[in-house]
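Asks: sequence and computational prediction follow.
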Amino acid sequence: MFGLTALELARIQFGFTISFHIIFPAITIGLASYLAVLEGLWLWKKDTVYRDLYHFWSKIFAVNFAMGVVSGLVMAYQFGTNWSYFSSFAGSVTGPLLAYEVLTAFFLEAGFLGVMLFGWHRVGPGLHFFATVMVAIGTLISATWILASNSWMQTPQGIEIINDVVVPVNWFEVIFNPSFPYRLAHMVTAAFLATALFVGASGAWHLLKGDNNPRVCKMFSMAMWMLLVVAPLQAFIGDQHGLNTLKHQPAKIAAMEGHWENTPGEGVPLILFAWPDQAAEKNHFEIAIPNLSSLILTHSLDGQFPGLKAFAPEDRPPVAVVFWTFRIMVGLGLLMITLGLWAVWRRWRGTLYEGRWLHRFALVMGPTGLIAILAGWYTTEIGRQPWVIYGVMRTKDAVSDHSALTMSVMLIVFIIAYFFVFGIGTSYMLKLVGKGPEAGEEDPATDNDDPGQSPARPLSAAPDLNKEA
């Protein structure tokens, strides 16, 4: 069906489900830390603006957290259903890492989540703040284990292959593999950036509607400060990540740069625009800056690195996709830096809350943090092809023995179910954002119809907008 093989359909299904899943944990990581900062400022300054913002964003956090959990369960099951040979071959490494994530992170989050969402009037302020911090730490620990597993697949080490099965011989090397620190820093920073843009877009939306109450101004101001600091930091981390990738996955870098072969004695140009033709092994419509790619990746104007022709055709990733997703990520990153600089200039002039063009730009930039995360994830995962474990196991050897018809039906069911379930959830979350923070914003326990009954699920923390209407 669709003229695709079972392998291609399995990859599309995994890419589709992970595209939905990754955006929810990213916002969860950022919002959890943001809530910890808001509550800490409330305890320190006793300014009700921070308390109101905490209660407002905690409701959005609850909805986002619930959708992240549901979408994450599907991801875990796919390893057994669609990638059984991968699980059989490498489950001795990936299985324990995912189990550690549940034991050390998810249980930590779940244990303190109820206190965080429903304990404002049930426990003391110190204990409640501690619960919020523990949830924030839990999200970061969760990201650590997930990135350790994925990074090991990118740069495997600490293993032996015995009887065609991966056997871990050094867990320290497995976890702290060469790409792990770069990927962890890059992903966590991306989550903070995406959340800052989300919060900033919410503030910009209300400012454009003429609602410039102190809560709206405060969250917009905090988001712009975060953007100013984190966006340039992410550019630096990305540069270091690129150098690490050049060392361990040079074929991926060649695809990202659209670089086919070296010219003796000449540096490698930075290709701004091109249409890579994998069959013809060349670029069409190329616009490039001479020697700049050499300067960035080798810190020398005439430095060279392997081109795609240095690798066998069967070992090259899909060039056009990797080339363009990388440029989308970098281009959006430059726009984020621009927004941060524009906001600080407006702040210096004392017109941060009056600049309507700035607010329009911030509103448009709202989803770009998540788009950049997806583009970066596609660059990383598609750029690893044709390997599922780089240099160890090819993707075609990892897929389960399903027919193309079976995979087609499964993909259609997933698409319909995901757009229905997560479409409703996302729409509801955006309605909460559109409602905006109010003075005296109540915490979820107070919003509940029966204060004497403790809610049993995170979604209970979000208000019923229909009842309020």
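Replies: Done, it's in.
Asks: ok, now which ones touch the spatially closest residue to residue 432 that is not a sequence neighbour?
Replies: Excluding the flanking residues, the one nearest residue 432 by CB to CB, 6 or more residues apart in numbering is residue 60, at 5.3 Å. C-beta here means a position set from N, CA and C on the backbone, and glycine is covered the same way. Contact analysis of residue 60 by CB atoms under 8 Å, 6 or more residues apart in numbering lists 31, 429, 432-433, 462.
Asks: may I see the residues you listed arranged in CSV, with secondary structure as well?
Replies: What follows is the contacts of residue 60, written out as CSV (DSSP: H, G, I helix; E, B strand; the rest coil):
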residue, secondary structure
31, helix
429, helix
432, helix
433, helix
462, coil
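Asks: out of those residues, what pair is the most spread apart?
Replies: The two members of the contacts of residue 60 with the most space between them (CB to CB) are 31 and 462, at 13.2 Å.
Asks: who has more neighbours, these two?
Replies: residue 31 (26 against 22; other CB atoms under 10 Å).
Asks: the more buried one contacts residue 57, doesn't it?
Replies: Yes - the criterion here is CB atoms under 8 Å, and residue 31 meets it with residue 57 at 6.1 Å.
Asks: low-scoring stretches of the stretch 301-450 of the chain, by residue?
Replies: 439-450 (pLDDT under 70).
Asks: what ranges do the helices span in it?
Replies: Secondary structure of the stretch 301-450 of the chain, counting by DSSP state H, counting those that start in this stretch: helices at 319-349, 356-364, 368-384, 404-435, 444-447.
Asks: buried sites along the fourth one?
Replies: By neighbour count with 16 or more other CB atoms under 10 Å, helix 404-435 contains the buried residues 404, 406-408, 410-411, 414, 418, 422, 425-426, 428-429, 432-433.
Asks: distance to residue 188 for the contacts of residue 60 - can I get that in CSV?
Replies: What follows is the contacts of residue 60, written out as CSV (distance: CB to CB, whole Å):
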residue, distance to residue 188
31, 13
429, 22
432, 25
433, 23
462, 26
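Asks: of those, closest to residue 334?
Replies: The closest of those, once distances to residue 334 are taken by CB to CB, is residue 31, at 25.0 Å.
Asks: do you know how far the closest one is from residue 426?
Replies: 15 Å (CB to CB, to the nearest Å).
Asks: just residue 170 next, same as before
Replies: Note on residue 170: its distance to residue 426, by CB to CB, is 42 Å.
Asks: ok, now residue 10?
Replies: 26 Å.
Asks: and if you look at residue 41?
Replies: For residue 41, the distance to residue 426 - CB to CB - is 29 Å.
Asks: with residue 259 instead?
Replies: 38 Å.
Asks: again, but for residue 166
Replies: From residue 166 to residue 426 the distance is 38 Å (CB to CB).
Asks: and for residue 301?
Replies: Distance of residue 301 to residue 426, computed by CB to CB: 47 Å.
Asks: so residue 271 touches residue 296, yeah?
Replies: No - the criterion here is CB under 8 Å, and residue 271 misses it with residue 296 at 11.9 Å.
Asks: more neighbours: these two, which one.
Replies: Neighbours were counted for residue 271 and for residue 296 using other CB under 10 Å; residue 271 has more, 20 against 15.
Asks: compute the inter-axis angle for the helix or strand hosting that one and helix 319-349.
Replies: Using DSSP states H and E, residue 271 falls within strand 270-277. Calculated by axes from the mean of the first three to the mean of the last three CA atoms, to 10 degrees, strand 270-277 forms an angle of 150 degrees with helix 319-349.
Asks: quick one: list the elements packing against strand 270-277.
Replies: The helices and strands touching strand 270-277, judged by 3 or more CB pairs under 8 Å, 6 or more residues apart in numbering; DSSP states H and E, are helix 250-257, strand 282-289, helix 292-298, helix 319-349.
Asks: what angle separates the last one from strand 282-289?
Replies: Regarding helix 319-349 and strand 282-289, their directions subtend 20 degrees when assessed with the same axes, to 10 degrees.
Asks: now residue 212, nearest residue through space, not along the chain?
Replies: Spatial nearest neighbour of residue 212, excluding adjacent residues (CB to CB, 6+ apart): residue 353 at 5.5 Å.
Asks: where do the helices of the stretch 101-250 of the chain begin and end?
Replies: Remark: helices assigned in the stretch 101-250 of the chain by DSSP H, counting those that start in this stretch are 107-118, 125-154, 171-175, 180-208, 214-248, 250-257.
Asks: closest to residue 46 out of the ones you listed?
Replies: Per CB to CB, nearest to residue 46 of the helices of the stretch 101-250 of the chain: helix 125-154, 10.5 Å.
Asks: any buried residues in the closest one, and which?
Replies: By 16+ other CB under 10 Å, the buried positions in helix 125-154 come out as 128-139, 141-154.
Asks: got the contact list for the residue nearest to residue 189 when sequence neighbours are not counted?
Replies: Excluding its sequence neighbours, the residue lying closest to residue 189 (CB to CB, 6+ apart) is residue 234, at 4.7 Å. Taking CB under 8 Å, 6+ apart, we find residue 234 in contact with 186, 189-190, 193, 333, 336.
Asks: residue 105 too?
Replies: Contact partners of residue 105, counting by CB under 8 Å, 6+ apart, are 138-139, 141-142, 144-145.
Asks: how about these in a markdown table, adding pLDDT?
Replies: Shown next, in a markdown table, are the contacts of residue 105 (pLDDT from 0 to 100):
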| residue | pLDDT |
| --- | --- |
| 138 | 91 |
| 139 | 90 |
| 141 | 92 |
| 142 | 90 |
| 144 | 93 |
| 145 | 92 |
